[in-house]
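[1] prediction below, plus the sequence it came from.
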Amino acid sequence: MGTTQLETVPEPKYWHLRTVLSEALDSEFAVGEILPNERDLAARFGVARATLRQALEQLELEGRLQRRRGVGTTVAPPRMGVSVGTAQHAWPGGPSDAWQALDCVLEVPPAAVAETLVTGREEPVHVVRRSRVTHGQPVAAELLYVPADSVPALPAIDAPSGAARARAVLRELQRLELERQENAVELGSARADEARELDRLPGAPVLVVTTRFIARGRTAALSVATYRADTCRLTFGDSGGVQIHHGPERQAS
């Protein structure tokens, strides 16, 4: 990895360093290889560690690097394609759903969720926790909030807790006629619990996809899915669905 005089470059130092590092990743490093520590890299390029961190964070956001607990900063594999939306809207848990149901609890949701679902501030809802794994790598975690009146037959089902309860909630949702679904996407930072589930460091960049499932003229369920920004790139196709593409070589459904 060569050095360069950053002081004479008019663009921000961290951005030029990001370009230099990106070229080095292409020519000198293999996928999964661990980068030198921050102190050595900062000394080699003659920059402050704060500048180096900005460059590394930008490359992580672009999917070129991964920061792993107990390992360090490694060269990321090519982005994998994961579809999170289709031309035909469907309830979560359908035949082509790639998510895995993990758990379901009955609890009071955050105030913003309660407002969207038009439930009382202290009214508990079913919270289904699901995960998504592609090529053996965790790529997303989801919390699906379902009001009790969206699944009225659920109390009669013998599935008290856990994954079985989650699957029961998803099956009951299929009984409703889905009118439409609305997606919103924003960039965020992984909370501690999300970081553990996604094998990331707390504060790592994530993409948050919020989906409202509309039935009978109201929000019958609300999904908040958190995707690893280092492995996912969201694009909006002609169909209006949201898709994640990880590179030109492969795309998983």
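    Nice, I can see it. No experiment lies behind these values; they were computed from the predicted model shown. Numbers count the residues shown, from 1 in each chain.

[2] where does pLDDT dip in this structure?
    1-10, 79-88, 156-159, 233-253 (pLDDT under 70).

[3] Val169 contacts Val105, correct?
    No. Here Val169 does not reach Val105: they are 10.6 Å apart, not a contact under Cβ atoms under 8 Å. (Glycine included, C-beta is placed from N, CA and C.)

[4] list residues touching both of the two?
    Here Val169 and Val105 have His126 as joint contacts, going by Cβ atoms under 8 Å, 6 or more residues apart in numbering.

[5] who has more neighbours out of those two?
    Val169 (23 against 14; other Cβ atoms under 10 Å).

[6] contact partners of stretch 27-46?
    By Cβ under 8 Å, 6+ apart, the residues outside stretch 27-46 that reach it are 1, 3-4, 6, 17, 20, 48-49, 51-53, 56, 65, 71-78.

[7] filter these down to the ones in helices?
    Of these, the ones assigned to helices by DSSP state H are 17, 20, 49, 51-53, 56.

[8] what is the burial count for Asp199?
    If we define neighbours as other Cβ under 10 Å, then Asp199 has 14 of them.

[9] please shift the residue numbers so they start at 840 in all later answers.
    From this message on, residue numbering opens at 840, which makes the last subject Asp1038.

[10] ok, now which ones touch it?
    Asp1038 neighbours (Cβ under 8 Å, 6+ apart): 907-908, 976-977.

[11] repeat that for 7 Å
    Contacts were defined as Cβ atoms under 7 Å, 6 or more residues apart in numbering; by that measure Asp1038 touches 907, 977.

[12] please tell me how far it sits from Ala1023.
    25 Å (Cβ to Cβ, to the nearest Å).

[13] repeat for Ser970
    From Ser970 to Ala1023 the distance is 21 Å (Cβ to Cβ).

[14] of these two, give the one with the bigger neighbour count.
    Ser970 (16 against 10).

[15] what residues sit buried inside the helix or strand encompassing that one?
    For Ser970, the enclosing helix or strand under DSSP states H and E is strand 964-973. Of the residues in strand 964-973, 964-971, 973 count as buried by neighbour count, 16 or more other Cβ atoms under 10 Å.

[16] partner strands of the following helix or strand past that strand and their direction?
    Using DSSP H and E, the helix or strand that follows strand 964-973 in sequence is strand 976-985. Applying DSSP bridges to the sheet, strand 976-985 is found paired with strand 964-973 (antiparallel), strand 1057-1067 (antiparallel).

[17] strand 1057-1067 and the helix or strand following strand 976-985, what's the angle between them?
    Downstream of strand 976-985, the first helix or strand assigned by DSSP H and E is helix 1001-1012. If you take axes from the mean of the first three to the mean of the last three Cα atoms, to 10 degrees, helix 1001-1012 sits at 140 degrees to strand 1057-1067.

[18] re the thing from before, filter the ones in helices among the contacts of stretch 866-885 down to the buried ones, ChimeraX style.
    Listed next is the ChimeraX selection for buried residues among those, using 16+ other Cβ under 10 Å:
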select :856,859,890,891,895
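
[19] any chance of the ones in helices among the contacts of stretch 866-885 in a markdown table with distance to Ala987 as columns?
    Shown next, in a markdown table, are the ones in helices among the contacts of stretch 866-885 (distance: Cβ to Cβ, whole Å):
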| residue | distance to Ala987 |
| --- | --- |
| Leu856 | 53 |
| Val859 | 56 |
| Arg888 | 52 |
| Thr890 | 52 |
| Leu891 | 51 |
| Arg892 | 46 |
| Leu895 | 46 |
